[in-house]
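A.B. asks: Need coordinates for the below:
(one chain, ligands or ions: 1)
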Amino acid sequence: DRPDIASPVRTRAIMETYGLNFKKSLGQNFLTDVNILKKIVDAAGVDENDDVLEIGPGIGALTEQIAKRAHNVLALELDDRLIPVLAETLEPYDNIQVVKQDVLKADLKQLLSKHFDGQHHVKVVANLPYYITSPIIIHLLETGLSFDSIVVMMQKEVAERLGAHSGTKAYGSLSIRVQYQMNVKVAFIVPKTVFVPQPKVDSAIVILSPKEILALPKDEQFFFKVVKGCFQHRRKTIWNNLQSFLGKKKVNKEKLQQMLLELDVSPKTRAENLSIDEFVQLANKIIELKI
Ligand code: SAM
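C.D. replies: Have a look, this model is predicted:
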């Protein structure tokens, strides 16, 4: 019986055997605490009814813990040095497929239909490479796939932004992009000391689960653009940000004024005070009034 991949002794042995160093540029901070890995899989509620997509398996520490409970696991790893390592470390498991792939370039719909049978719930479980946390989450949300849940580790500060409510400093276009379609819950905090090498900051496990979208934008992509435009300069008013977003000269100031009046939004307010619903109404009105 070999010890868990995640155990510090085994991790060190694997790195030495393969002469591997950690690539900072790929966000390689490996978890070496089996209990925390189990807690992540617990938080995702993974069982034999689930097929799990993992992003960035590293040397397989989390992959192994997922595979012990899931039906099938598909793990996408960008670093080709790790592919032969994973073939060896995950050799005892017949329900894991590792694919060398940049997740941001992956056609996830196609990959999942190739590797999963469509008869199981699909979950995402991952310890994300931190340099691309937001792009990965947005990529996952844009696939049009209905994940049962997305349970991912990220920097604590990014987790706070994801879950932030209006009126707070952390609330911004990322909070809105995610909360528009997902419920966000921070499951627990993970201290930086359980990683090798140690990152500079603590991490958090975030649970994203799909929610019913109540206020529907007429045009989703335009809605996201309006949100970004309104947050362009956080400290400026919605009036100023909207003017530069819509292009100063072209904007009919009266129409803009009328719109904000109809929406009962003060021109002097700032984007951080608007709810997702209000942004949806705002984007819809811009389209409706052809501003
Ligand atoms: N799952 C392992 C663990 O928990 O110890 C490793 C997690 S480590 C934080 C992130 C992993 O993502 C690394 O293995 C890294 O090589 C991989 N990675 C980085 N960029 C990637 C990308 N664009 N697509 C797929 N994997 C990527």
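A.B. asks: can you give me the strands in the chain?
C.D. replies: Under the criterion DSSP state E, strands of the chain are mapped to 30-31, 50-55, 72-77, 96-100, 121-127, 149-155, 182-190, 195-196, 203-210.
A.B. asks: right, so of the ones you listed, which gets closest to R235?
C.D. replies: Ranking the strands of the chain by proximity to R235 (C-beta to C-beta) places strand 149-155 first, at 24.0 Å. For the C-beta atoms, the positions are set from N, CA and C on the backbone; glycine is no exception.
A.B. asks: mean confidence for that closest one?
C.D. replies: The pLDDT scores in strand 149-155 average 98.
A.B. asks: Could you do stretch 53-71 as well?
C.D. replies: With pLDDT averaged residue by residue, stretch 53-71 scores 98.
A.B. asks: what's the span of that stretch, first residue to last?
C.D. replies: Distances were taken as C-alpha to C-alpha, to the nearest Å; on that basis the terminal residues of stretch 53-71 are 11 Å apart.
A.B. asks: what's the distance between it and the middle of its chain?
C.D. replies: The offset between the C-alpha centroid of stretch 53-71 and the centroid of the whole chain comes to 17 Å, using C-alpha atoms, centre = their mean, to the nearest Å.
A.B. asks: Name the residues of that stretch that come out as buried.
C.D. replies: The neighbour-count check on stretch 53-71 (16 or more other C-beta atoms under 10 Å) flags 53-67, 69-71 as buried.
A.B. asks: Also stretch 47-54?
C.D. replies: Judged by neighbour count using 16+ other C-beta under 10 Å, the buried positions of stretch 47-54 are D50, D51, V52, L53, E54.
A.B. asks: and of those residues, the nearest to the ligand?
C.D. replies: Among the buried residues of stretch 47-54, E54 lies closest to the ligand (C-beta to the nearest ligand atom), at 6.9 Å.
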